[in-house]
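In: Pasted the sequence and its predicted model underneath.
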Amino acid sequence: MVLLVVICPLRRPARYMVATRVVSGGAFRPFGEAIVVDGGYRVSGQWPLGSGCHHCTWMVGGCRIVDGDKPRLRADGTQVTRLLFFPTPDCKIIDTWHSPGLRGTGSHDYAVADLFVPAEHSLSFREQPVEQGPLYALPTIGLFAIAIAAVPLGIARHAIDIFTELARAKVASRSRQTLNQHGMLQADLGRAEALVRSGRAFLYETLGAAWRSVSAGDTLNVAQRAMLWLAATQATSAATQAVDLMFTAGGSASVYSNTGLERCMRDIRTAAQHVVVVPSNYEMVGQALLGFDMRSTLLLAMDDRGSG
């Protein structure tokens, strides 16, 4: 899971007082271990998918909390985890991002070993937010899913634009007509446009409803949280279908890198692998709507504030 945000760290020790605005990226999943020490933690770990790490001034890593030689446990017996922030120069960036798509994100692994991190540079999504307002009342992972879904929608829009321009110029080898004269390809363009617009509309509708709820002081229930995941997953699915249509409609031209359609195909297939937009989320949402206990699922596992 990837994070790329602008933050303003507060209460920093003198060695961190470099800038009031920093770019941070990293992974939520607890692939690190944080041993409790006086004033903070000694952190070791290696995390994948550090998107934008070469441009970040701070990284964040999910960690399992350890007291001495024993894991710190919650009342339900599960291990306590926290997100810890540390300066990027203190990390080792490992060249692992050799992917078919989204190559420009530079989502390499990054690692630290026995690094001291002050306690004030850690947080948990289970804690009440320090800041007030509707933005901070939204479930963090649900909001993150919405942001991730914007990427496939943008890729699909680009693919439609590429094909529309290509169709005016490319002559089909069999008919000797430009692609825009072919009824089947015209229909494919219409389907792609409908897919992207419907996916985007569902995303905006769902986020708007959640925003109105938290703005009124309400807490999103499980079904409302599930809808955020559903809208993000459906938008990604629709966008992927749209790119498939445009890639196929482009014929042999689509396989050449100079048309851009092959990059759209590579990028959207990579983006659609993200855990917050994968097809298995449909099952999770269905379970939520049927009233299943969702506490052990991704829907609530990382952010269960007020999830009644």
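Out: Yes, it's here.
In: I'd like to know how many residues surround the closest residue in space to Arg269 that isn't next to it in sequence.
Out: The shortest distance from Arg269 to any residue other than its chain neighbours is 5.8 Å, reached at Gly101 (CB to CB, 6 or more residues apart in numbering). Yep, even glycine has a C-beta here, placed from its N, CA and C like the rest. Gly101 has 19 neighbouring residues, counting by other CB atoms under 10 Å.
In: Okay, now the unreliable bits of this structure?
Out: Along the chain, the model assigns pLDDT under 70 to residues 1-21, 173, 175, 301-308.
In: Spatially central, which residue of it would that be?
Out: Ile148 (3.9 Å; CA atoms, centre = their mean).
In: Is it correct that that residue is in contact with His274?
Out: Yes: between Ile148 and His274 there is a contact under CB atoms under 8 Å: 5.3 Å.
In: Contact partners for Leu207?
Out: Neighbouring residues of Leu207 by CB atoms under 8 Å, 6 or more residues apart in numbering: Ile146, Leu228, Ala231.
In: same thing but 10 Å
Out: Residues counted as contacts of Leu207 (CB atoms under 10 Å, 6 or more residues apart in numbering) are Leu138, Gly142, Leu143, Ile146, Ala147, Ala149, Met227, Leu228, Ala231, Ala232.
In: Tell me which helix or strand it sits in.
Out: helix 183-215 (DSSP states H and E).
In: Could you count how many residues lie near Asn258?
Out: Number of residues near Asn258 (other CB under 10 Å) recorded here: 8.
In: you'd agree it is in a helix?
Out: No: applying DSSP: H, G, I helix; E, B strand; the rest coil, one finds Asn258 to be coil, outside a helix.
In: Look up how far Thr248 lies from it.
Out: Remark: distance between Asn258 and Thr248 (CB to CB, to the nearest Å) = 18 Å.
In: now do Thr140
Out: 38 Å.
In: chain center to stretch 231-247, what's the gap?
Out: The chain centre lies 16 Å from the centre of stretch 231-247; the measure is CA atoms, centre = their mean, to the nearest Å.
In: Repeat that for stretch 248-257.
Out: For stretch 248-257, the distance to the chain centre is 29 Å (CA atoms, centre = their mean).
In: ok, now stretch 151-166?
Out: Centre-to-centre, stretch 151-166 and its host chain are 20 Å apart (CA atoms, centre = their mean).
In: list the buried ones in that stretch?
Out: By 16 or more other CB atoms under 10 Å, the buried positions in stretch 151-166 come out as 151-160, 162-163, 166.
In: ditto for stretch 56-67
Out: Within stretch 56-67, the residues that count as buried by 16+ other CB under 10 Å are Cys56, Thr57, Trp58, Met59, Val60, Gly61, Gly62, Cys63, Arg64, Ile65, Val66.
In: now the helices: where do they sit in the stretch 151-300 of the chain?
Out: Along the stretch 151-300 of the chain, the segments classed as helices by DSSP state H, counting those that start in this stretch run 183-215, 222-249, 261-271, 280-289, 298-301.
In: helices and strands around the last one, which ones?
Out: To tie it back to what came earlier, the one meant is helix 298-301. For helix 298-301, the packing partners by 3 or more CB pairs under 10 Å, 6 or more residues apart in numbering; DSSP states H and E come out as helix 140-169, helix 222-249, helix 280-289.
In: sorry, back to before: distance check, the residue nearest to the centre of the chain against Gly286.
Out: Taking CB to CB, one finds Ile148 at 20 Å from Gly286.
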